[in-house]
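> Return atomic coordinates for the entry below.
(chains A, B and C)
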Amino acid sequence: METGGTSSSGEGFLSRMALNDNKAGMEGLDRDKINKIIMKSSKGSRFYENEMKKEQQVNQRIERMMLQKAHITEQQLSKAQTQVEKMTFDLERVRDLSRVIVHVDMDAFYAAVETRDCPDLKDKPMAVGSMSMLTTSNYHARKFGVRAAMPGFIAKKLCPNLVIVPTDFDKYRAVSTEVQEIFADYDPHFLPMSLDEAYLDISEHLEQRRVWPEALRTHRLRTNDTGTATSVSVPVEEQGDGLQETVEGLSPVLFEDSPSSSSCPFLQDAPGGGAGGDVMVFGTCAEEAVREMRFRIEQKTSLTASAGIAPNMMLAKVCSDKNKPNGQYRLPSNRQAVMVFIQDLPVRKVSGIGNVTEKMLGALGITSCIHLGQEMALLALLFSETSWHHFLDISLGLGSTHIERDGERKSMSTERTFGEMVALEEQCSLCRQLCQDLAQDLQKEALKGKTVTLKLKNVNFEVKTRAWTLPCAVATSDELFAVAKDLLKTEIDNVSPQPLRLRLMGIRVSSFVSADDKKPQQKSIVGFLQKGRADSSSPSQISSHKPVKEHQPKPPGQTQPFPCPSLVQQSQGQEDHPWVPSWGGVEVGRTGEQQQSFFQKARAQRLRLQAEREDPPEDGKWNVLETRLGPASSATKPKQTQTPIQKNPNTSAETHFSMSALTASDNMTHAPTASSTEAHVSTSLCWSTEPGTDSLTCPVCFREVNTTDLTVFNRHVDQCLSGVPMEHNIHTDTELERGSSVCEEEVEKEREGEIEKERAEGERRREERLMAKGRDPLSRCMLDSLGLRLDSSAGDNKGLLLYETSTTNISLNAVALNPVCLNTCPNGGVSIPRVTDPNILKGSSQSDPCVRPLSPRGPRPMTTPKVESHDPREPTLTCPVCQVTQDTDNLTLFNRHVDLCLNQEVLHELEGLASVDCTTHNATPAAHKEREQPLRRAPQKGKSKRRGSSPPPPSKKVKALGPVRNTIDKFFR
DNA sequence: ATACATACC
DNA sequence: TACTGGTATGTAT
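Sure thing, here's the model as predicted:
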């Protein structure tokens, strides 16, 4: 397919806007006249102005380059020259001329299809597209300068009689399929580049073809209505690999008259005789094979194709353009022929060298490939390694010699252009719509990605992209929207009170989880241990984290309500009020699943598995958790709803606990990846989404520490590690599950009042503990049962290290009971961040009136469903695992019981773990934007990831606890 | 990692 | 009136 682009036409014109006449069908046009019209149509427009701006940027870039060039010394140059020569030598040594690569390109494909189906168009200038944009033009239209990527209204000015036909991709796809069926006969592994072009490696085909009987090379002509042959071909015999290029024997004029007008002088006496009559017999050489292929394409589709035959893809591509349309060109497979071919080849003809590169090279006096070779040392000094290596390849006529089918796709996106859009509601609902569309596309390919990118183009054609990477992959509309809306909101806030004046919006998903990541062994037990995981199809409360440093309240007046009409049908129907879009807020509405504790779910799962025992998972692999410990995870929360303590300007460390991060009803956190191994609890922590709080979830006790200050948090962890019970500063997830009927403020007050007392008590106990015994942070029993070992020998600075000690097919990540604070170590293990400054053992604690005495020993999620019906302070202890009330108030005894129970539970579940959705535990970008200065986001430095947090809606807790669907099956499938 | 630019069809 | 949409990759920070 022809593409847009322009060749620099110099003087006064924007080179990027001027006519590009270096494509087929554009020769000998009145360029000046055409350019005048183009300019006249464009000048003064926003588009033009933006093009102007871009052009200037390119010019500046060139200036910088020239400046750089001026400072290059002879010495540098000769050194570079040496390097170039060495590299050239190496490349030359491995030059592969053995393959026969073909690039086939349908001629003016869309236009040709339309013309075929509507013969009236045959002699008219026509183009496919709209007044806004053309995708192709036929050769009549090209004479007027009308070409692909030109807006229709300008094309109309160039050619008032131009017929514009709307695109019909379904039709083109169908034709494309027909053509590709033919390709497959010559190379079953052909590589389609688009609907209308493909690369083939016909080396094998030629091998076989050499011994083919004539019958296999004989093709019958389809006849048209008048009974005459519809096409011709000129069979020629194999030619040696001489220097002489071989040229298509037919005039391109044929193309204009295709498909019906020509007759074939060789019809009756094709070489070898054939079957006589309307048949064509083709030879055995590469050109004959390609000619045959093109012949068959034309017979089958009435469309013509052009082709290039060369020893590599780069050359084949150039060759296919050489005798277009309806022609082919073969570049012999010998080095000299290649080098001769390359010499005069304009660099712009090479795929990969576009407008800008052409211009930059042009500034260096490089216009054709021979110059490229001559100036390689200079290029090596002025361009990046990848760039000049590419240039070197080109200058040597090198290219890829094996056709590889596309690997896995790397991104998927959807975008839409529209008339100026200003209304927030419109923007919001469009965003949602795009997410829905994209989610649908993702679903078709069963893809999930971790990075969501929002693309915006304003009415001045300025493009902006904003991306957010989540700890684990997402795919559903709501998941995408949760991120996209926050990204969008940030942009809106950034220009507030002005509205965004958009002309385009797009959403992209990338960072797809690899096939491996989808495999059970990569699944994390963490997800399984999550008390509640949101239904992936339900809106996710996403929160994000960010460096504490940036943890400042957002300047007032920056947030504004963002009405978002839910124009699109809510598949989940979880939004109570379609007009309350939760910008920067959280989507709530949890499923019953989410309200369940891990134990409840585990139980349900086990029961389910027992019921399905006759239908066990196939390969016996763990079939468990989708949840994976992603990078930089965590959840944050918004600034708007800070607790009184958080408002303390002197510390960002305050907080309260909640299990929300673990309960997944809101979000969940994930272990940081190796990138965050350095620290303690880096920013990859879990921010509670609890309204009014920022909290982190302790990996040891699983409780949320109501702080955002890592030092404080680390101290808490340290305390836990050393066995000091942290009874303060906590409220269990039970509270969340139950729904706190206590007013947040009251809770806060009560907590504040107890802080000092608690702190003193905590310190005292900590000291006791430290004296009394070493660390026993995690349940060794449990780790053992998982085939893992706890290594505390890593040294004080490194904290604890977990590593695999058996062949258990669980990734180490899976062991992190609470992924939040675990760092992935280079060896694949995870370490528990350790506090380095134990001095800060105070102030971070707040008591929670709802808290129940907890085990001093650690890694037990103290989630006890039954507690819901209890007074929180009710001393009777119910095992969260077996749900049996323990007849003791002795925590040590109780914890021992739970430990045993838990280990059994885990072992049980590991036999039939099901996947768990982690998507709702991701952090959204919302918040950090909330907190940051509205205008610009500070670039992230170092390992500290900026992460934001989403302000949860005030009613979040309540909503989260509302009636919900039970979607266990979904999670555990 | 993010943002933006370039390139291709 | 009106200047695309989808994917990959390079460059710069």
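
> Briefly note if stretch A:497-509 comes near DNA strand B.
No - remark: stretch A:497-509 sits outside contact range of DNA strand B, by Cβ under 7 Å from any atom of the strand, the gap being at least 9.9 Å. C-betas here are computed from N, CA, C, even on glycine.

> Buried residues of that stretch, list them for me.
Neighbour counts over stretch A:497-509 (16 or more other Cβ atoms under 10 Å) mark A:500, A:502-509 as buried.

> Same question for stretch A:314-332.
A:314-332.

> where does chain A dip in pLDDT?
Scanning chain A with the threshold set as pLDDT under 70 gives A:1-13, A:21-23, A:26, A:28, A:224-277, A:515-973.

> The same query, at a cut-off of 80, please.
Scanning chain A for pLDDT under 80 picks out A:1-15, A:19-29, A:223-277, A:406, A:514-973.

> Strands - which of the buried residues of stretch A:497-509 land there?
Using DSSP state E, the subset of the buried residues of stretch A:497-509 located in strands is A:502-509.

> Point out the ones among the buried residues of stretch A:314-332 that are inside strands.
A:328-330.

> so residue A:296 touches residue A:182, yeah?
Yes - judged on Cβ atoms under 8 Å, residue A:296 makes contact with residue A:182 at a distance of 5.1 Å.

> So the two - more neighbours on which side?
residue A:296 (23 against 20; other Cβ atoms under 10 Å).

> mind listing what the more buried one touches?
Residue A:296 is in contact with A:182, A:219, counting by Cβ atoms under 8 Å, 6 or more residues apart in numbering.

> how near is it to DNA strand C?
27 Å (Cβ to the nearest atom of the strand, to the nearest Å).

> Next, the buried residues of the helix or strand encompassing that residue.
Counting by DSSP states H and E, the element that carries residue A:296 is helix A:286-301. Judged by neighbour count (16+ other Cβ under 10 Å), helix A:286-301 contains these buried residues: A:286-299, A:301.

> Stretch A:128-144 now?
Buried-residue list, stretch A:128-144, by 16+ other Cβ under 10 Å: A:128-129, A:133-144.

> list the contacts for the residue lying closest to residue A:353 once chain neighbours are set aside?
Nearest residue to residue A:353 in three dimensions, chain neighbours excluded: residue A:347, at 5.1 Å (Cβ to Cβ, 6 or more residues apart in numbering). Residue A:347 makes contacts with A:353, A:357-358, A:361, A:366-369, A:371-372, A:394, as judged by Cβ under 8 Å, 6+ apart.

> With residue A:138 instead?
A:108, A:111-112, A:115, A:121, A:125-127 are the contacts of residue A:138 under Cβ under 8 Å, 6+ apart.

> Please identify which pair of the residues you listed lies farthest apart.
Farthest pair in the contacts of residue A:138 (Cβ to Cβ) is A:112 and A:125. Separation: 13.8 Å.

> more neighbours, those two?
residue A:112 (28 against 23).

> quick one: the more buried one and residue A:217, what's the gap?
Per Cβ to Cβ, to the nearest Å, residue A:112 is found 26 Å from residue A:217.

> where along the stretch 151-300 of chain A do the strands fall?
For the stretch 151-300 of chain A, the strands defined by DSSP state E, counting those that start in this stretch cover A:163-165, A:191-192, A:197-201, A:218-220, A:246-247, A:279-281.

> Among these, which comes closest to residue A:84?
Here strand A:197-201 is closest among those (Cβ to Cβ), at 28.5 Å.

> Next, the angle helix A:286-301 makes with the closest one.
With axes from the mean of the first three to the mean of the last three Cα atoms, to 10 degrees applied, the angle from strand A:197-201 to helix A:286-301 works out at 140 degrees.

> Strand A:197-201 near DNA strand B anywhere?
Yes - using Cβ under 7 Å from any atom of the strand, we find that strand A:197-201 touches DNA strand B at residue A:197.

> go on, stretch A:295-309?
No - Stretch A:295-309 lies apart from DNA strand B when judged by Cβ under 7 Å from any atom of the strand; the minimum separation is 11.3 Å.

> Distance across that stretch, terminal residue to terminal residue?
Distance between the two ends of stretch A:295-309: 16 Å, counting by Cα to Cα, to the nearest Å.

> same deal with stretch A:150-170?
Stretch A:150-170: ends 22 Å apart by Cα to Cα.

> Ok, stretch A:392-399 next?
Termini of stretch A:392-399 sit 10 Å apart (Cα to Cα).

> who touches it?
Contacts of stretch A:392-399 (Cβ under 8 Å, 6+ apart): A:84, A:87-88, A:91-92, A:95, A:312-316, A:335, A:338-339, A:341-342, A:347, A:350, A:353, A:369-370, A:372-373, A:376, A:379.

> ok, now which ones touch the residue lying closest to residue A:122 once chain neighbours are set aside?
Distances taken as Cβ to Cβ, 6+ apart place residue A:115 nearest to residue A:122, at 5.4 Å, with adjacent residues excluded. By Cβ under 8 Å, 6+ apart, residue A:115 lies in contact with A:121-122, A:126, A:138.

> For residue A:417, see how far away the closest residue in space to residue A:410 that isn't next to it in sequence is.
With Cβ to Cβ, 6+ apart as the criterion, residue A:410 has its nearest non-adjacent residue at 6.1 Å, and that residue is residue A:510. Distance, residue A:510 to residue A:417, using Cβ to Cβ: 21 Å.

> Residue A:376 too?
In terms of Cβ to Cβ, residue A:376 sits 41 Å off from residue A:417.

> So these two - more neighbours on which side?
residue A:376 (23 against 12).

> Identify the residue spatially nearest to that one, adjacent ones excluded.
Residue A:376 sits nearest to residue A:84 (Cβ to Cβ, 6+ apart), 4.6 Å away.

> The strand or helix carrying that neighbour packs against which elements?
Secondary structure from DSSP H and E places residue A:84 in helix A:74-93. Here helix A:74-93 is seen to pack against helix A:376-382, helix A:385-395 when contacts are counted using 3 or more Cβ pairs under 8 Å, 6 or more residues apart in numbering; DSSP states H and E.
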